[in-house]
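Student: need a 3D model of the sequence below.
(one chain, ligands or ions: 1)
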Amino acid sequence: LKTTKNHLRHVDSMSTLPSRAGKITGLNAVILGEALASEEDDLVFPNDEFVRQALVPSPKKYLEMYKRSIEDPAGFWSDVASQFYWKRRWAESVVSENFDVRNGSVKIEWFKGGITNICYNCLDRNVESGNADKIAIYWEPNEPGSQDSLTYSQLLQRVCQLANYLKDKGVRKGDAIVIYLPMLMELPIAMLACARIGAVHSVVFAGFSADSLAQRIVDCKPKVVITCNAVKRGSKVIPLKDIVDASLIESAKNGVSVDVCLTYENESAMKRESTKWQVGRDVWWQDVVPKYPTTCEVEWVDAEDPLFLLYTSGSTGKPKGVLHTTGGYMVYTATTFKYAFDYKPSDIYWCTADCGWITGHSYVTYGPMLNGATVVIFEGAPNYPDPGRSWDIVDKFKVTIFYTAPTLVRSLMRDGDEYVTRYSRKSLRVLGSVGEPINPSAWRWFFNVVGDSRCPISDTWWQTETGGFMITPLPGAWPQKPGSATFPFFGVQPVIVDEKGAEIEGECSGYLCVKSSWPGAFRTLYGDHERYETTYFKPFPGYYFSGDGCSRDKDGYYWLTGRVDDVINVSGHRIGTAEVESALVSHPQCAEAAVVGFEHEVKGQGIYAFVTLVDGVPYSEELRKSLILTVRNQIGAFAAPDKIHWAPGLPKTRSGKIMRRILRKIASRQLDELGDTSTLADPSVVEQLIELADR
Ligand code: 6R9
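Tutor: Numbers count the residues shown, from 1 in each chain. Alright, predicted model coming up:
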């Protein structure tokens, strides 16, 4: 209770937020840019017109709702949950949790005993309430010039056909299905079909290599793998089915064989005649699925039954299977979507994330569709055929809410304003950012150039583990500070702790933790509850530890400062340094590798690898390329190191621990800030590394 009170005090400081000075008028949004003491004092106010129509139009309204969500979570969340369809209402206790490892095993349950189905709530509920003919999905293919769309009732029919097919193949409640698809409409269709029959989907981003896919297949043992033959990204054709074939050979070697590989023929990328085929196992989607009935009984599930598994990177080489359940996730993604984007039924919403990441789960598929929103899905790359493509799509579909990642903002910013300003973008009203901290200059460009200084930016901080937004602006509710994710969402109690796990109050920096659960929280790591507790609940007992550093300023705004563990964030993609290291050392000529992140102008962070070669092997350009190729093959192109630094030795402590602190400094060329190297087993390796820095 004490921390809750403290937290409410932080939030209360908002009621004394600097108010808009009377002298500044006439602008849509007022930017107090000039005589700033620091970024903390840089306030961007929402314009009056926006505030008038906003769902949460003032700090006061937010505070009222926020206070209730903290003081009476059960009341607050059951009111929200009642807007959904429940076959049977949950039992007496809305939430039951043990959040403190010191009191036994960590357990989180929301709406336990409630019986529902998230696919039903996304589709049937919208169809039955008058939205049958509303567009659910606009699909924009890689090549400009055409488009496709599905209404809510058409989407429901497609989902039912696939659900019936899967049932026919023996898929039952609780069975896993791996989905390895690019951004075709079939990707959300597949997710929703699984949810409809209670199967647990595990979407694997279609940029992952055969080895990474195999690793995930071996872990979750799916009954069916759903993929397509190929995809075109920009001008490049990627033969996805070949990757799946290789991964299935690899999985079989590890004792996991998959009976059915349902393959969508993505004709524009590759004809079926050119696709390699294993008769008996492989089935063309178009040959079987359309033959099934367009209605399918819903499998009613408990709120705590698993909905999906999504593998994410941690600080060891083995990806973690983050498990989300049904009821709490449903309520949480729907509510966060609605408030953080100030969603109105007339909005056209486009999130550029791929469904292979959590953002595509919560904010391409579930959150928006639970609200009956119209969602744009784009198959291609944002710079093809040119860097104006995003704005072309915005104008084409009259997108009102545009949600993307800082890496895209920075790369478009580099391409020049003219690619933006040649399009109207008048439809836009809310912008969003996710994946990594957005630097104030990119924020400003996004705000001024893309949004014509008219659209608030929701810089949403959250994680695969949190299921939905945790710290985020509510557009229209309060002034923004470029680079700050601002304040916690309803029901979320962030705390900042020091190394010892003691909560720090007021203006401070430290480790970002969360006190007590929220409905969208993950419930375990698949098959490894112990790792769940060790990673997230043991570092600071009593709290969920996010792995992020954070500071809070004098006005109570939160500023995320990046990961504090061995996870790096490249173009918003989470990559464990250990995963890249283990790929590198699998190369026969690599003896040892240490990977760190370094600041990268466009990607946010780049991957910097120190590599020690096997004795007697000389450095060569060819070897450099072959090392990079190894990582591409084992993890995926997005994890390829930007820099290989030859290292005759690595700086290690006497107990053999690599001192990454020193490697980070070398990677960023802060050579006069190496700090104390005296505890190294062999301090001379540092000089050698500096000598080889630009080789
Ligand atoms: C949603 C998502 C999670 C990590 C997280 C943090 C970083 C995400 C951010 C942000 C600053 C934001 N992160 N959003 N940092 N500001 N708005 O990206 O999930 O892939 O699990 O990554 O991303 O470091 O810990 P995930």
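
Student: show the backbone phi and psi for the residue in the stretch 351-500 of the chain that the ligand sits nearest to.
Tutor: Using C-beta to the nearest ligand atom, the point where the stretch 351-500 of the chain gets nearest to the ligand is residue 464, with a distance of 3.4 Å. C-betas here are computed from N, CA, C, even on glycine. In this entry, residue 464 is assigned phi and psi values of phi -50, psi -40 (degrees, to the nearest 10).

Student: with the one 3 residues further on instead?
Tutor: The main-chain torsion angles of residue 467 are listed as degrees, to the nearest 10 and equal phi 80, psi -40.

Student: ok, now which ones touch it?
Tutor: For residue 467, the set of contacting residues under the criterion of C-beta atoms under 8 Å, 6 or more residues apart in numbering consists of 324, 328-329, 332-333, 358, 362, 519-522.

Student: 6 Å instead?
Tutor: Counting by C-beta atoms under 6 Å, 6 or more residues apart in numbering, residue 467 makes contact with 324, 329, 332, 520.

Student: next: residue 429.
Tutor: Contacts for residue 429 (C-beta under 6 Å, 6+ apart) come out as 400, 455.

Student: and for the residue of the stretch 351-500 of the chain closest to the ligand, the neighbour number?
Tutor: With neighbours defined by other C-beta atoms under 10 Å, the count for residue 464 comes to 19.

Student: hang on, it packs against residue 313?
Tutor: No - under the criterion of C-beta atoms under 6 Å, residue 464 is not in contact with residue 313, lying 9.1 Å apart.

Student: what sits in contact with each of the two?
Tutor: When contacts are counted by C-beta under 6 Å, 6+ apart, residue 464 and residue 313 have no shared neighbour.

Student: need the pLDDT of the residue of the stretch 351-500 of the chain closest to the ligand.
Tutor: Listed pLDDT for residue 464 reads 96.

Student: repeat for residue 5
Tutor: Here, the pLDDT recorded for residue 5 equals 55.

Student: do the same with residue 619
Tutor: Taken from the predicted model, the pLDDT recorded for residue 619 is 93.

Student: for it, which non-adjacent residue is spatially closest?
Tutor: Across the structure, with C-beta to C-beta, 6 or more residues apart in numbering as the measure, the residue nearest residue 619 apart from its sequence neighbours is residue 646 (4.9 Å).

Student: okay, and the beta partners of the one you found?
Tutor: The residues paired with residue 646 through beta bridges, assigned by DSSP bridges, are residue 611.

Student: am I right that it is in contact with residue 618?
Tutor: No - assessed by C-beta under 6 Å, residue 646 is found out of contact with residue 618, at 9.8 Å.

Student: of these two, which one has the most company?
Tutor: For residue 646 versus residue 618, the count of surrounding residues by other C-beta under 10 Å is larger for residue 646: 17 against 8.

Student: show the contacting residues for that one.
Tutor: Each residue near residue 646 by C-beta under 6 Å, 6+ apart is listed here: 619, 692, 695.

Student: contact residues of this protein facing the ligand?
Tutor: By C-beta under 6 Å from any ligand atom, the part of the chain that sits against the ligand consists of 312, 357-359, 433-437, 459-464, 485, 546-548, 560, 562-563, 569, 572, 574.

Student: run the last query once more with 5 Å
Tutor: Applying C-beta under 5 Å from any ligand atom, we find that the chain lies next to the ligand at 358, 434-437, 459, 461-464, 548, 560, 563, 574.

Student: from those residues, which is closest to residue 44?
Tutor: Checking the residues of the chain next to the ligand against residue 44 with C-beta to C-beta, the nearest one is residue 459 at 11.4 Å.

Student: looking at the stretch 551-695 of the chain, what residue ends up closest to the ligand?
Tutor: residue 560 (3.6 Å).

Student: what's the burial count for that residue?
Tutor: Going by other C-beta under 10 Å, the residues that sit close to residue 560 add up to 20.

Student: I'd like the numbering to begin with 2 instead of 1 from here.
Tutor: Shifting the count to begin at 2 puts that one at residue 561.

Student: ok so it is a helix residue?
Tutor: No - with DSSP: H, G, I helix; E, B strand; the rest coil as the criterion, residue 561 is strand rather than part of a helix.

Student: on the C-terminal side of the lowest-mean-pLDDT helix or strand in the chain, identify the next helix or strand.
Tutor: Each helix and strand of the chain was given a mean pLDDT (mean pLDDT, DSSP states H and E); the minimum falls on helix 3-13 at a mean of 55. Tracing the chain C-terminally past helix 3-13 and defining elements by DSSP states H and E, one meets helix 49-54 next.

Student: quick one: the closest residue to residue 481 other than its chain neighbours from residue 448, how far?
Tutor: Using C-beta to C-beta, 6+ apart and skipping the chain neighbours, the partner closest in space to residue 481 is residue 45 (4.6 Å). Remark: distance between residue 45 and residue 448 (C-beta to C-beta, to the nearest Å) = 7 Å.

Student: and for residue 372?
Tutor: 25 Å.

Student: for residue 306, same thing?
Tutor: Using C-beta to C-beta, one obtains 42 Å as the distance from residue 306 to residue 448.

Student: then residue 127?
Tutor: Distance from residue 127 to residue 448, counting by C-beta to C-beta: 33 Å.

Student: what about those two, which has more around it?
Tutor: More neighbours sit around residue 127 than around the other of residue 127 and residue 448, counting by other C-beta under 10 Å; the figures are 24 against 21.

Student: which helix or strand contains that one?
Tutor: If you go by DSSP H and E, residue 127 is part of helix 126-127.

Student: each with direction, which strands does the helix or strand following that helix pair with?
Tutor: For helix 126-127, the following helix or strand on the C-terminal side (DSSP H and E) is strand 136-141. Take DSSP bridges as the rule and strand 136-141 pairs in its sheet with strand 149-152 (antiparallel), strand 375-379 (parallel).

Student: who are the contact partners of the closest residue to residue 665 other than its chain neighbours?
Tutor: Nearest in space to residue 665, with sequence neighbours left out and distances taken as C-beta to C-beta, 6+ apart, is residue 597 at 4.8 Å. Under the criterion of C-beta under 6 Å, 6+ apart, the neighbours of residue 597 are 609, 661, 664-665, 668.

Student: from these, which land in strands?
Tutor: Among the contacts of residue 597, the members falling in strands (DSSP state E) are residue 609.

Student: among the contacts of residue 597, which two are most distant?
Tutor: Farthest apart among the contacts of residue 597 by C-beta to C-beta are 609 and 661. That separation is 10.8 Å.

Student: show me which of the two is the more surrounded one.
Tutor: When residue 609 is set against residue 661 and neighbours are counted by other C-beta under 10 Å, the residue ahead is residue 609, at 24 against 18.

Student: let me see the contact set for that one.
Tutor: Listed by C-beta under 6 Å, 6+ apart, the contact partners of residue 609 are 597, 599, 644, 668.

Student: buried ones among these?
Tutor: By the neighbour-count criterion of 16 or more other C-beta atoms under 10 Å, these include these buried positions: 597, 599, 668.

Student: could I get those residues as CSV with pLDDT?
Tutor: What follows is those, written out as CSV (pLDDT from 0 to 100):
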residue, pLDDT
597, 95
599, 95
668, 95
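
Student: how about the contacts made by residue 89?
Tutor: When the contact criterion is C-beta under 6 Å, 6+ apart, the partners of residue 89 are residue 116.

Student: measure it to residue 521 for me?
Tutor: Between residue 89 and residue 521 the computed distance is 22 Å (C-beta to C-beta).

Student: quick one: residues contacting the single nearest residue of the stretch 152-301 of the chain relative to the ligand.
Tutor: In the stretch 152-301 of the chain, no residue comes nearer to the ligand than residue 206, which is 10.3 Å away by C-beta to the nearest ligand atom. Taking C-beta under 6 Å, 6+ apart as the contact definition, residue 206 lies against 355, 357.

Student: where's it, which helix or strand?
Tutor: Element membership for residue 206 (DSSP H and E) is empty, with no helix or strand holding it.

Student: confidence score at it?
Tutor: 95.

Student: most packed of the strands paired with strand 136-141?
Tutor: The densest packing among the strands paired with strand 136-141, expressed as mean neighbour count by mean count of other C-beta atoms under 10 Å, is seen in strand 375-379 with a mean of 24.
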